[in-house]
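1. Next come a sequence and a model predicted from it.
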Amino acid sequence: MLKPDFIVGWRWNFRKGSLGDVDFWNQRNVPTYIEENSGPVPAVDPFPPSTVESEMQFMENMGKVFHKEDEAQALVSDIKDTLREKESLARQQGPRKAITMEFMGNKIEVFGDKLLPGDIIRKLGCSNFNYEVPFITREELRMSDADTIFVIYHGSHQDGLNALQNFSSPEFKDIPAVKKGKLVLLPYRYICASNIYTAQCIKDIYAGLYE
């Protein structure tokens, strides 16, 4: 009813029960664009790995679509400069081990190598605990031996602080990250379709690993 000239959205926008398949719109001469880094989290369906490069490509493409190339290039340059700086600093300090996860009720959702945090962690010369399943057990988390735990949260910062309360459980006390207080909050908007938050995500992940 809105008669759109163009639709840009996340992958779940173009599924049954939402806007439907992109073919429906293309057949009606309405171009569509799916943000590449918006693919299902965790990775339960086949989709391209989410990377810093694909996020930069998205912003460059949006700059062309909306005739804002200069603004888009400024954002991309900031991301490149930030990544170059943090990669150089990380090389001087050596590798770290990290796990990126989210508490979902009584489940623990894990964000593996195909998602943006994993790409950034690897670019900094560190390792991200990767699982081929979307959920891990509390025992697997306890045995992860992670130097840093990145805790993904939705909503307000208070929601993030509430998520951290899970680590007050005695079963997690021997994880190196818990011992050292290296529990780092990352808002969901930083890791899925991060767009303008990409540079800040790189900074926060570097800080979580090394500062």
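-> Perfect, I can see it now. Since the structure is predicted, the reported quantities are computational estimates derived from the model, not experimental observations.

2. now for the strand ranked longest in the chain, which elements pack on it?
-> Across the chain, the longest stretch assigned as strand under DSSP state E is strand 97-104. Applying 3 or more C-beta pairs under 8 Å, 6 or more residues apart in numbering; DSSP states H and E, we find strand 97-104 packed against strand 107-110, helix 116-123, strand 127-128, strand 148-153. C-beta coordinates here come from the backbone N, C-alpha and C atoms, glycine included.

3. average pLDDT for the shortest one?
-> Okay, so that is strand 127-128. Over the span of strand 127-128, the pLDDT mean works out to 94.

4. quick one, helices of this protein?
-> 22-26, 52-65, 69-91, 116-123, 138-142, 157-164, 176-179, 198-210 (DSSP state H).

5. which of those helices is buried the deepest?
-> helix 116-123 (a mean of 24; mean count of other C-beta atoms under 10 Å).

6. residues making contact with that helix?
-> Helix 116-123 has contacts (C-beta atoms under 8 Å, 6 or more residues apart in numbering) with 37, 49-52, 55, 83, 87, 98, 100, 111-113, 127-128, 130, 150, 186, 191-192, 194, 198, 201-202, 205, 209.

7. rerun at 7 Å
-> 37, 49-52, 55, 83, 87, 98, 100, 111-113, 128, 130, 150, 186, 191, 194, 201-202, 205 (C-beta atoms under 7 Å, 6 or more residues apart in numbering).

8. Could you tell me how far stretch 163-171 lies from the centre of the chain?
-> Its chain's average C-alpha position is 22 Å from that of stretch 163-171, according to C-alpha atoms, centre = their mean, to the nearest Å.
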